[in-house]
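A.B. asks: Sequence and computational prediction follow.
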2 protein chains.
Amino acid sequence: MRVLMIGAGGVGDAAARIAAERSFFERWVVADYDVARAERTVRAVTERHTEEGRFVAAQVDASDAAAVTALAREHGATHVFNAVDPKFTMPVFTGARAAGADYLDMAMSLSQRHPEQPYEKVGVMLGDEQFAVADAWQADGRLALVGIGVEPGLSDVFARYAADHLFSEIDELGTRDGANLVVHDDEGNEIFAPSFSMWTTIEECLNPPVVWEKDRGWFTTPPFSEPEVFDFPEGIGPVECVNVEHEEVLLMPRWVDAKRVTFKYGLGDEFITILKVLNTLGLDRTEPITVKGVQVSPRDVVAAALPDPATIGPRMTGKTCAGLFVTGAGTDGQPRRTYLYHVVDNAETMEAYGAQCVVWQTAVNPVVALELLANGTWKGAGVLGPEAFDAVPFLDLLAAPKPQGYGSPWGMEDR
Amino acid sequence: MRVLMIGAGGVGDAAARIAAERSFFERWVVADYDVARAERTVRAVTERHTEEGRFVAAQVDASDAAAVTALAREHGATHVFNAVDPKFTMPVFTGARAAGADYLDMAMSLSQRHPEQPYEKVGVMLGDEQFAVADAWQADGRLALVGIGVEPGLSDVFARYAADHLFSEIDELGTRDGANLVVHDDEGNEIFAPSFSMWTTIEECLNPPVVWEKDRGWFTTPPFSEPEVFDFPEGIGPVECVNVEHEEVLLMPRWVDAKRVTFKYGLGDEFITILKVLNTLGLDRTEPITVKGVQVSPRDVVAAALPDPATIGPRMTGKTCAGLFVTGAGTDGQPRRTYLYHVVDNAETMEAYGAQCVVWQTAVNPVVALELLANGTWKGAGVLGPEAFDAVPFLDLLAAPKPQGYGSPWGMEDR
């Protein structure tokens, strides 16, 4: 397997650090618009693991499909692993196919709201542009494994697992995400520093949240709808969660039978206020505006003004939890409510990988998936979500102690 | 009199429209970095008043003192009227002096916070850089009339008037600013659209507020300190006001005897939340950051993302009030509490000048001052605030009905 990874931000950097411990690939190209960033990742991996030539850095413009194709061909990439902001999903996806490579991403092509009723009806949905060419991928015998981070990704694997092994009937597949992370500055003062791409966070939190119901299909609500206090495990505790647009809601109903599919994110009050203010000021907008003669996208400026999520790990404490709350009837026909989850402690990922926990948790899943694809455990063609594959080998490989597995256990709690 | 006005933003545009009705000058050059903006102002004035050649447009980089000097010389300017963001105060001020012109501004050179105790002690204060060269201006026989908008400006004139005609002893000179303005979008929904330069609003509201006390001198507090509900006249009603850094506090104690000088701004809850969020995200910062290869100042982006204050007039309703609350002993020795104020209705300034009320209210005062300088009623040399001049002719000319005066009455309320 020869991997071309596009993007050496927080997640890309962590993915390279995780992959460096595994032997399933012969080449891992780290490509970024900013080649210095790609080189930094390669240097970090090489120093940590005395790797010899498996990792190489390259420059790429992810907005240019032809550039992605050329780079994939140059390195004979069998798999293009997309680790950039989702606004570049389509050029990377298209570029991979043109190069005859398989493709993985952690965020799907972007949505566009319904022009008249944005908070009731869906317009263009997350992933629509990718699913539109699914037949072509299938005809080519090529696989696009979409949404294989942690959420979407591990959450979708949980959905498959719940349907196959825990439930006879599912009422709701509810992804629930929460954390108790805190970041401090050098003086020890708590500061605002999102642990994940601010660009993506704005995108998913201010877009109309999407919900799926069996008798209604996909529909939208106003932002921050249906607030719910969810109790997260392993000491994180209760966090207020609200509906957010997320790929799980678009992916799970395609492969898993359920009455309702939702995604709720534990944003907390401060973050909700910040997002509302950005929206009020028009700073969430992505189309460039003219500022003193230069063209910039306000949302890019917001992201650039904050600390890089890849750099805050050393100043962060706490745990992050991704998981799926499933309700319905168990295999015995009795009512069942089960939370399947994956908790990561920042102190542990910093120590073992030099990566903060949220990006590490996102990054580990595509590496596990690549390993399953490399050894033939997972295979397929077309545009497929994680729930299209058998969940057990994935969950086993993720949880198995090193060096056999990735040493990152998941948990399950009946409520 | 030949005026070179630097800046054709909201206030500059309104000043030109006001000046066009007056005959005290022979030339008014409208200069802007964006010459199209300057041309728009000249065109608007020419259409309204069939002016022939008194107003001309020019391009200028206000950050370049030499460019200001060259343009002032080219047009034989007797007065440089600075109507740009205060970050350009020093180059325009310096450029005017080099050209041998007199100078007026509405916002003084910027402050720099105290490096160790920013919320207790002053660092570099507003106007310090200008007062530092006051002797040179005086030696040249040239006048820099600083802070001659509405606040600072008319508020300072009120201070002079109160000291000369209403009070025998002053406890506090408290500028109090409030409004009930609302802006709607094309669909009639209320939107967030500051009626004044967002760059300047951020600057003054997030800087440590400054207070002056006779036995303590100047000192600072944390932002948004000493909240107070002030009842504004003419139907505006009660508005929550907080301490804000403002020129009045730096100007009034230099010429008017008082025990305490403050400035409080009626920001309201929503605006305070927005300013706190901008500060949390680092979007109030002025130093450029790199965004996708270009350099921009986050604060410039915030300002550029909002509607131009000069353009929101037609969608705005309500009134704005600037004024000075003076407490102490009246000329009869009895306790006195008097609010001197100036209320402007947006509907009226839109109808008469095509300018929204807040920029109009700022713009009318330097035009009145220029007329008093042109006819010799006001004269002086050095760096002087409005309170260094006789208040009566100013207040009379402002309030007198057109065409003798500017037809904009002020009021007084004993409380």
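C.D. replies: Great, that's in hand. What you see is a predicted model, and the numbers here were worked out from it, not measured in a lab.
A.B. asks: tell me, how many neighbours does A:Glu270 end up with?
C.D. replies: 11 (other C-beta atoms under 10 Å in any protein chain shown). Bear in mind the C-beta positions are built from the backbone N, C-alpha and C, glycine included.
A.B. asks: oh, I was asking about A:Gly123
C.D. replies: When neighbours are counted by other C-beta under 10 Å, A:Gly123 registers 16.
A.B. asks: so who does it touch?
C.D. replies: Residues near A:Gly123 by C-beta atoms under 8 Å, 6 or more residues apart in numbering or on different chains: A:Ser111, A:Gln112, A:Arg113, A:His114, A:Pro115.
A.B. asks: Provide the secondary structure category for A:Val301.
C.D. replies: Using DSSP: H, G, I helix; E, B strand; the rest coil as the criterion, the local structure at A:Val301 reads helix.
A.B. asks: quick one: it from chain B, how far?
C.D. replies: Counting by C-beta to the nearest C-beta, to the nearest Å, the separation of A:Val301 from chain B is 5 Å.
A.B. asks: Which residue is the nearest non-sequential neighbour of that residue?
C.D. replies: Excluding the flanking residues, the one nearest A:Val301 by C-beta to C-beta, 6 or more residues apart in numbering or on different chains is B:Val301, at 4.6 Å.
A.B. asks: For that neighbour, list the residues it contacts.
C.D. replies: The contact partners of B:Val301, by C-beta under 8 Å, 6+ apart, come to A:Leu283, A:Ile289, A:Val291, A:Val296, A:Pro298, A:Val301, B:Leu283.
A.B. asks: and those as CSV, adding secondary structure?
C.D. replies: Formatted as CSV, the contacts of B:Val301 follow (three-state DSSP):
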residue, secondary structure
A:Leu283, coil
A:Ile289, strand
A:Val291, strand
A:Val296, strand
A:Pro298, helix
A:Val301, helix
B:Leu283, coil
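A.B. asks: If you drop the residues flanking it in sequence, what lies closest to the residue of the stretch 101-250 of chain A found nearest chain B?
C.D. replies: Chain B sits closest to A:Phe192 of the stretch 101-250 of chain A, with a gap of 4.7 Å, by C-beta to the nearest C-beta. In this structure, A:Phe192 finds its nearest non-sequential neighbour in B:Thr280, 4.7 Å apart by C-beta to C-beta, 6+ apart.
A.B. asks: for A:Asn375, same thing?
C.D. replies: Closest residue to A:Asn375 apart from its sequence neighbours, by C-beta to C-beta, 6+ apart: A:Phe24 at 6.5 Å.
A.B. asks: residues contacting the one you found?
C.D. replies: With contact taken as C-beta under 8 Å, 6+ apart, A:Phe24 is in contact with A:Met1, A:Leu370, A:Glu371, A:Ala374, A:Asn375.
A.B. asks: which one of these has the most neighbours?
C.D. replies: Of all these, the highest neighbour tally under other C-beta under 10 Å goes to A:Leu370, namely 27 neighbours.
A.B. asks: Is it possible to get JSON lines of the contacts of A:Phe24 that adds secondary structure and pLDDT?
C.D. replies: What follows is those, written out as JSON lines (DSSP: H, G, I helix; E, B strand; the rest coil; pLDDT from 0 to 100):
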{"residue": "A:Met1", "secondary structure": "coil", "pLDDT": "98"}
{"residue": "A:Leu370", "secondary structure": "helix", "pLDDT": "98"}
{"residue": "A:Glu371", "secondary structure": "helix", "pLDDT": "98"}
{"residue": "A:Ala374", "secondary structure": "helix", "pLDDT": "98"}
{"residue": "A:Asn375", "secondary structure": "coil", "pLDDT": "97"}
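A.B. asks: quick one: which of the residues you listed is nearest to chain B?
C.D. replies: For these, the nearest to chain B is A:Leu370 (29.0 Å; C-beta to the nearest C-beta).
A.B. asks: The residue nearest to A:Asn375 belongs to a strand?
C.D. replies: No - under three-state DSSP, A:Phe24 sits outside any strand and is assigned coil.
A.B. asks: can you list the residues of the stretch 201-350 of chain A near chain B?
C.D. replies: Counting by C-beta under 8 Å from any C-beta of the partner chain, the residues of the stretch 201-350 of chain A close to chain B are A:273-274, A:277-278, A:280-283, A:285, A:289-292, A:294-298, A:300-302, A:304-306.
A.B. asks: Which entries within these meet the buried criterion?
C.D. replies: Neighbour-count burial (16 or more other C-beta atoms under 10 Å in any protein chain shown) applied to those gives A:273-274, A:277-278, A:280-283, A:285, A:289, A:291, A:294, A:296-298, A:300-302, A:304-306.
A.B. asks: tell me the domain ranges of chain A?
C.D. replies: What automatic domain parsing lists as the domains of chain A is A:2-114+A:125-149+A:361-408, A:154-358.
A.B. asks: before we move on, the earlier item: ok, so of the contacts of A:Gly123, who is nearest A:Glu172?
C.D. replies: Of all these, A:Glu172 sits closest to A:Ser111, with 21.8 Å by C-beta to C-beta.
A.B. asks: Run me through the strand neighbours of the host helix or strand of A:Thr262, direction for each.
C.D. replies: In this assignment (DSSP states H and E), A:Thr262 forms part of strand A:260-265. Partners of strand A:260-265 in the sheet, by DSSP bridges, are strand A:167-179 (parallel), strand A:210-213 (antiparallel), strand A:237-243 (antiparallel).
A.B. asks: Buried residues in the shortest one, which are they?
C.D. replies: The one in question is strand A:210-213. A:Val210, A:Val211, A:Trp212.
A.B. asks: Stretch A:234-253 now?
C.D. replies: Using 16+ other C-beta under 10 Å as the test for burial, stretch A:234-253 gives A:236, A:239-253.
A.B. asks: list the contacts for the closest residue to A:Arg27 other than its chain neighbours?
C.D. replies: Nearest non-adjacent residue to A:Arg27, counting by C-beta to C-beta, 6+ apart: A:Arg2, 4.2 Å away. Going by C-beta under 8 Å, 6+ apart, A:Arg2 touches A:Phe25, A:Glu26, A:Arg27, A:Val29, A:His75, A:Gly76, A:Ala77, A:Thr78, A:His79.
A.B. asks: do A:Ala310 as well
C.D. replies: With contact set as C-beta under 8 Å, 6+ apart, A:Ala310 has these partners: A:Gly9, A:Gly10, A:Asp13, A:Ala14, A:Ala355, A:Gln356, A:Val359.
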